[in-house]
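Q: fold the following for me, if possible:
(one chain, ligands or ions: 1)
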Amino acid sequence: MKALVQGFALSVAVWGGAAWAAPAPSFPGPAFPVFKNAADLTQRCDAGLAQAKLRQRQMERQKPDARWLARFDAFSGWLDDTSGPLQFVSNVHPDKAIRDASEACEQRWQQFSSSLAQSEPLYRAAKRVKPADSIDRQTLQDMLDGFEDSGVSLPPAERAKAKQLQDRINLLGQQFGTNVRDEVDRTWVEFTEAELAGVPEGVWKQAPRTADGKVRLKLDYPSYVPVMEQALSGATRERMWRAKTNEGGEANLKVLAEIVQLRNEYAGLFGHKSFADFVLRRRMAQSLGKVQGFLGDVKAAVTEREKRDLEEFRVAKARHLNQPLEATTLNRWDVSFYTERIRRERYSVDEEAFRPYFPPQQSLQFVMRLAEQMFGIKYTQVDMPLWHAEAQAYQVSDAKTGQPLAGLVVDLYPREGKYGHAAVWPLRGGATSSKRLSQAMLVVNFDRKGLTLSELETLLHEFGHALHTNLSATRYSINAGTSVKHDFVEAPSQMLEDWVLDPRVLAQFKQVCPECKPVPDEMVTQARKARDFAKGVQIARQHLYANYDITLYSGQKDDPLTLWQHMEGATPLGYVPGSLFPAAFSHVAQNYGAGYYGYLWSLVVAMDLRTAFKEDRLDPAVGARYRSAVLSQGSQQAPDVLVRNFLGREFNSKAFYEDLAR
Ligand SMILES: [Zn+2]
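A: Numbers count the residues shown, from 1 in each chain. Prediction:
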């Protein structure tokens with residue numbers, strides 16, 4: 001691991017001639033375990049589970065007195081610390097045997113968690129605990145909701161059925177993800193060099209070749225995105241698009257159909273008509289009707305704009321191919337290409353041209369620098385063995401006092417078998433009552449040559465999740481950071497996204513990289529204009545995903561592909577026969593089932609939150625207020641309350657619709 005010595009480790013103060021060195025910063029909380037091999041992981045999984053069952057029985061014997069919540073939180077924190085790393089490494093470990101062992105372990109922990117959520121003694125105790133104040137009351141209410149949603153208050157037969165369904169749904173969700181990952185590992189798309197005309201050489205020059213000299217590309221983002229945006233040949237883009245869209249395979253359509261059916265059946269046990277009804281009553285949006293109304297409003301606002309964008313693409317395509325407009329139809333695999341082409345022509349914006357300005361490591365330091373300025377914190381790299389030599393650990397501390405606040409681990413580059421998207425795992429939630437410090441794992445896949453502006457935006461987005469975890473200061477760890485309601489969880493991350501379009505913000509880059517050439521203001525100004533362009537297409541696509549997901553779980557009877565064919569078929573570009581998009585749509589099969597609308601819902605909230613930073617995005621006073629009113633509060637208060645406390649008024653969708661109209 002690259003050891004970066006900064007901050008504490010260098011601060012050697014001289015006292016009366018004797019050198020005194022402050023202790024080197026360490027990673028807060030337990031160090032990440034090093035798994036020697038698959039057997040080692042499995043053994044620790046067994047031992048952890050055996051211990052967990054023992055501790056559960058101890059917890060079940062506790063009296064529901066004033067200390068009960070704190071004891072439960074300590075128990076829950078122990079469970080997270082024990083099971084978190086065991087389950088997380090399936091996403092990042094270079095050793096496939098360890099990843100497989102981790103997945104097997106995850107299934108067993110999920111089974112344990114679902115039986116824990118059905119513990120009658122714990123449910124009865126939580127019901128009897130007297131809340132000391134509003135935080136305890138909210139915490140207990142959320143716990144009781146959770147227990148009841150797990151089936152604890154159902155009659156015995158239904159309760160057993162609920163557990164059986166939940167275990168099966170978890171298993172299927174995991175299988176869905178594995179199928180996609182395996183398919184991505186297995187799939188190569190082969191092209192002659194001529195077929196790759198337009199794609200930067202850096203993307204394919206070093207790629208493996210077939211015996212007859214064809215370039216073999218994977219479906220990971222560093223290959224997929226440049227091909228879709230820049231390959232001049234429509235046939236090349238079509239092949240890449242089809243491979244990506246089908247990466248879940250037929251098998252996953254069956255898996256998804258079963259998940260939908262079982263989730264509806266689960267909701268039925270509680271007397272709800274559909275899984276969407278069951279889930280949404282606990283969300284910020286509150287009901288299926290409200291979500292449908294919201295999505296209807298978005299659709300009405302975006303439809304014309306989408307049509308206009310698509311017509312522009314079609315005109316650009318006709319011109320590019322030198323053919324009459326009447327003879328030109330636009331295909332799905334043309335969208336990214338002509339978006340980029342028009343952006344380059346009209347705004348002289350070339351996403352690839354940003355890479356030299358944003359080297360990956362410096363980009364990470366840059367987003368850390370922004371957080372340091374906004375929130376009065378400091379990131380210091382610490383040496384710690386992790387799952388891969390390139391993963392990096394940081395201590396987050398208070399800038400004034402030096403007091404450690406949290407830990408952050410970052411894994412920047414793509415690798416064989418690694419999780420292929422960008423995400424944060426809130427491995428450990430903090431708690432002020434027990435002085436427990438949080439840990440977040442940030443996993444992305446960046447090109448070593450540097451980031452595009454939109455990748456820098458992705459990094460900031462994920463960093464927003466990491467901050468939500470790391471700056472949480474809730475009383476209990478069960479309320480920490482991103483444990484907020486699903487349709488609010490994306491707001492703090494989405495809020496930060498457009499920071500990258502502010503030249504004043506980007507000017508901070510020179511602080512972390514004096515030798516980097518500053519990105520010209522003109523490039524950013526143009527990028528901002530370019531970003532407004534094609535917004536109709538992007539929001540319409542997000543609307544389709546959200547609407548598909550919520551419809552799929554609303555109790556309708558079509559199988560996933562039929563419903564998708566119908567819904568995508570009704571959009572201006574239609575459905576492409578043979579494509580299997582739902583088979584790779586992990587969100588709907590996993591935790592975002594009946595929750596994808598949350599991205600748009602959160603975006604509305606995020607854009608409203610941004611209004612407070614209108615004058616100065618890096619204003620430390622606003623940052624401090626935001627940190628204390630929103631980030632520090634996790635789920636110990638309802639999200640609408642947090643937003644109201646920060647903005648000083650109820651949240652509204654004004655900023656979102658104004659932006660859409662721009
Ligand atoms: Zn996110």
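
Q: average pLDDT for stretch 140-155?
A: Regarding stretch 140-155, the rounded mean pLDDT is 94.

Q: distance from it to the middle of the chain?
A: 27 Å (Cα atoms, centre = their mean, to the nearest Å).

Q: and the top helix by length along the chain, what does it pack onto?
A: Longest helix in the chain, counting residues (DSSP state H): helix 288-321. Contacts defined by 3 or more Cβ pairs under 8 Å, 6 or more residues apart in numbering; DSSP states H and E place helix 288-321 against helix 275-280, helix 335-347, helix 535-552, helix 597-610, helix 654-661. No exception for glycine: its C-beta is placed from N, CA and C like everyone else's.

Q: of all those, which lies closest to Arg305?
A: helix 535-552 (3.2 Å; Cβ to Cβ).

Q: element containing Tyr379, please.
A: Assigned by DSSP states H and E, Tyr379 belongs to strand 377-382.

Q: ok, now Ala267?
A: helix 249-269.

Q: residues making contact with that helix?
A: Contacts of helix 249-269 with the rest of the structure, by Cβ atoms under 8 Å, 6 or more residues apart in numbering, involve 151, 154, 158, 161-162, 165-166, 168-169, 172-173, 175-176, 179-180, 183, 273-275, 277-279, 552-553, 555, 559-561, 580, 582-585, 588-589, 593-594.

Q: could you give the average pLDDT over it?
A: pLDDT averaged over helix 249-269 gives 96.

Q: and Lys510, how many neighbours?
A: 13 (other Cβ atoms under 10 Å).

Q: in what helix or strand does it lie?
A: Counting by DSSP H and E, Lys510 is part of helix 509-512.

Q: dump the C-alpha coordinates for that helix into CSV.
A: What follows is helix 509-512, C-alpha atoms only, in CSV (Å, rounded to 0.1, in the frame of the first residue of the first chain):
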residue,chain,number,x,y,z
PHE,A,509,-8.1,21.2,-7.2
LYS,A,510,-4.8,23.1,-7.2
GLN,A,511,-4.7,22.7,-3.4
VAL,A,512,-4.4,19.0,-3.7
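
Q: coming back round to it: make TSV out of the helices and strands packed on helix 288-321 and add distance to the ion.
A: Shown next, in TSV, are the helices and strands packed on helix 288-321 (distance: least, Cβ to the ion, whole Å):
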stretch	distance to the ion
helix 275-280	19
helix 335-347	21
helix 535-552	13
helix 597-610	8
helix 654-661	17
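
Q: in TSV, list those helices along with mean neighbour count, mean pLDDT and distance to Met368.
A: Formatted as TSV, the helices and strands packed on helix 288-321 follow (neighbours: other Cβ atoms under 10 Å; pLDDT from 0 to 100; distance: least, Cβ to Cβ, whole Å):
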stretch	mean neighbour count	mean pLDDT	distance to Met368
helix 275-280	24	96	35
helix 335-347	20	91	29
helix 535-552	21	96	28
helix 597-610	24	95	21
helix 654-661	15	90	27
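
Q: what about the stretch 551-662 of the chain, any weak spots by pLDDT?
A: For the stretch 551-662 of the chain, applying pLDDT under 70 flags no range at all.

Q: re earlier: just the contacts of helix 249-269: which are in helices?
A: Filtering the contacts of helix 249-269 for helices - DSSP H - leaves 158, 161-162, 165-166, 168-169, 172-173, 175-176, 179-180, 183, 275, 277-279, 552, 560-561, 588-589.

Q: what's the ChimeraX line that selects buried ones from those residues?
A: In ChimeraX, this line selects whichever of the ones in helices among the contacts of helix 249-269 come out buried by 16 or more other Cβ atoms under 10 Å:
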select :161,162,165,166,169,172,173,175,176,179,180,183,275,277,278,279,552,560,561,588,589
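
Q: still on that earlier bit, the helices and strands packed on helix 288-321: which one's closest to Leu642?
A: Comparing those by Cβ to Cβ, helix 597-610 comes nearest, at 9.8 Å.

Q: how far away is Ala197 from the ion?
A: Counting by Cβ to the ion, to the nearest Å, the gap from Ala197 to the ion is 35 Å.

Q: got the phi and psi for that residue?
A: Here is the backbone geometry of Ala197 (degrees, to the nearest 10): phi -50, psi 130.

Q: for the closest residue to it other than its chain neighbours, helix, strand, or coil?
A: Setting aside the residues directly before and after it, Ala197 is nearest to Leu232 in space (Cβ to Cβ, 6 or more residues apart in numbering), at 4.9 Å. Look at Leu232: counting by DSSP: H, G, I helix; E, B strand; the rest coil, its state is coil.

Q: what bridges to the residue nearest the centre of the chain?
A: Among the residues of the chain, the one closest to the centroid is Ala423, at 4.1 Å (Cα atoms, centre = their mean). With DSSP bridges as the criterion, Ala423 is bridged to Val443.

Q: quick one: contacts for it?
A: Counting by Cβ under 8 Å, 6+ apart, Ala423 has contacts Leu442, Val443, Glu462, His465.

Q: Arg137 too?
A: Shown in contact with Arg137 (Cβ under 8 Å, 6+ apart): Pro131.

Q: from Leu144, how far out is it?
A: Note on Arg137: its distance to Leu144, by Cβ to Cβ, to the nearest Å, is 11 Å.

Q: same question for Leu563.
A: 35 Å.

Q: where in the chain is pLDDT low?
A: 1-23.

Q: strands along that one, start to end?
A: 12-15, 18-21, 189-191, 215-217, 377-382, 392-398, 404-411, 423-428, 438-443 (DSSP state E).

Q: out of those, deepest packed?
A: strand 438-443 (a mean of 26; mean count of other Cβ atoms under 10 Å).

Q: would that one count as contacting the ion?
A: No - using Cβ under 5 Å from the ion, strand 438-443 never reaches the ion; the gap is at least 11.1 Å.

Q: show residues contacting that strand.
A: Contacts for strand 438-443 (Cβ under 8 Å, 6+ apart): 27-29, 88, 91-92, 405-411, 418-419, 422-430, 462-463, 465-466, 469-470, 472, 480-481.

Q: about what we covered before: nearest to Gly536 among the contacts of Ala423?
A: Glu462 (25.9 Å).

Q: now the closest one: how far from Val641?
A: Taking Cβ to Cβ, one finds Glu462 at 26 Å from Val641.

Q: compare these two (neighbour count), which wins?
A: More crowded of Glu462 and Val641, by other Cβ under 10 Å: Glu462, with 22 against 14.

Q: and the more buried one, what is it in contact with?
A: With Cβ under 8 Å, 6+ apart, Glu462 has these contacts: Ala422, Ala423, Val424, Leu442, Val444, Ser493.

Q: what parts of the stretch 351-500 of the chain come near the ion?
A: So far as Cβ under 5 Å from the ion goes, the stretch 351-500 of the chain lies against the ion at Glu490, Ser493.

Q: repeat the analysis, applying 8 Å as the threshold.
A: Ala423, Val424, His461, Glu462, Gly464, His465, Val489, Glu490, Ser493, Gln494 (Cβ under 8 Å from the ion).

Q: so how far is stretch 37-56 from its chain's centroid?
A: On Cα atoms, centre = their mean, the centre of stretch 37-56 falls 28 Å from that of its chain.
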